[in-house]
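Asker: need a 3D model of the sequence below.
(2 chains)
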Amino acid sequence: QQQVKQSPQSLIVQKGGISIINCAYENTAFDYFPWYQQFPGKGPALLIAIRPDVSEKKEGRFTISFNKSAKQFSLHIMDSQPGDSATYFCAASGTSYDKVIFGPGTSLSVIP
Amino acid sequence: DGGITQSPKYLFRKEGQNVTLSCEQNLNHDAMYWYRQDPGQGLRLIYYSQIVNDFQKGDIAEGYSVSREKKESFPLTVTSAQKNPTAFYLCASSILAGRNTEAFFGQGTRLTVV
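Answerer: Now for the predicted structure:
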């Protein structure tokens, strides 16, 4: 019940296209959902985060959509660029948890 | 600059040796974590600590040990009992342990057994 599921495992998108990564959770006690971006050989870095009282949050080309009833949330990368090629992790945490739960990650490749 | 510092960046170990990976943070965060990442894989939690002098096992604690004697430091020892220690190790910290907060990561230590 503490799992966070993430799909797809890998994604190839053409430059200028939209990249979409989906995550789902079971436990309704989760109430904070950050996304991380990791480049090869580096540590993950916080990209954007959302709370369940908001259905959408946008920061530049990155948008999180949140569907509380379906217990799903997704990351949309608009106008994808080769520099966006990285591994993306969704995550979940909550007031009753003592750690952040990470999804398994999505490897994104944006091709010219 | 506030942040998390992991050292060394690269570490080579002979089989049968213990090695210690350093993690220091100056963010005044209470919680600290250690993750293991294998090529093309996700983040697996080794140990985490919510407060000084206290820590809990994560999903893959066997063959590892930690200490939390100071708030800013959370070293990880990879013991000879860890059968497959070659991996990328990531340290992270957060203001509170998982509660509505994000984790901030260091740049990692790549450990190779030779």
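Asker: make it CA atoms for all contacts and neighbour counts henceforth
Answerer: OK.
Asker: so which residues of the chain form strands?
Answerer: You didn't pick a chain, so chain A it is. Along chain A, counting by DSSP state E, strands occupy A:4-7, A:10-14, A:19-25, A:33-38, A:45-50, A:56-59, A:62-67, A:72-77, A:86-92, A:101-102, A:106-111.
Asker: wait, chain B was what I had in mind.
Answerer: For chain B, strands defined by DSSP E occupy the ranges B:4-7, B:10-13, B:19-25, B:31-37, B:44-51, B:54-57, B:64-66, B:76-78, B:87-94, B:104-105, B:109-113.
Asker: save those as a markdown table, and put in mean neighbour count and distance to chain A too.
Answerer: Below are the strands of chain B laid out as a markdown table (neighbours: other C-alpha atoms under 10 Å in any protein chain shown; distance: least, C-alpha to the nearest C-alpha, whole Å):
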| stretch | mean neighbour count | distance to chain A |
| --- | --- | --- |
| strand B:4-7 | 19 | 10 |
| strand B:10-13 | 14 | 11 |
| strand B:19-25 | 20 | 13 |
| strand B:31-37 | 24 | 9 |
| strand B:44-51 | 23 | 8 |
| strand B:54-57 | 15 | 10 |
| strand B:64-66 | 19 | 17 |
| strand B:76-78 | 20 | 17 |
| strand B:87-94 | 25 | 7 |
| strand B:104-105 | 24 | 6 |
| strand B:109-113 | 19 | 8 |
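Asker: start to end distance for stretch A:84-101?
Answerer: 23 Å (C-alpha to C-alpha, to the nearest Å).
Asker: which outside residues touch it?
Answerer: By C-alpha atoms under 8 Å, 6 or more residues apart in numbering or on different chains, the surrounding residues in contact with stretch A:84-101 are A:2-4, A:6, A:23, A:29-40, A:102-110, B:48, B:50, B:97-103.
Asker: mind checking which of the residues you listed are buried?
Answerer: Buried subset of the contacts of stretch A:84-101 (neighbour count, 16 or more other C-alpha atoms under 10 Å in any protein chain shown): A:2, A:4, A:6, A:23, A:30-38, A:102-110, B:48, B:50, B:97-103.
Asker: name the nearest residue to the residue nearest the centre of chain B, ignoring sequence neighbours.
Answerer: With distances taken as C-alpha atoms, centre = their mean, B:W34 lies nearest the centre of chain B, 2.8 Å away. Leaving aside its chain neighbours, B:W34 sits nearest to B:C91 (4.6 Å; criterion: C-alpha to C-alpha, 6 or more residues apart in numbering or on different chains).
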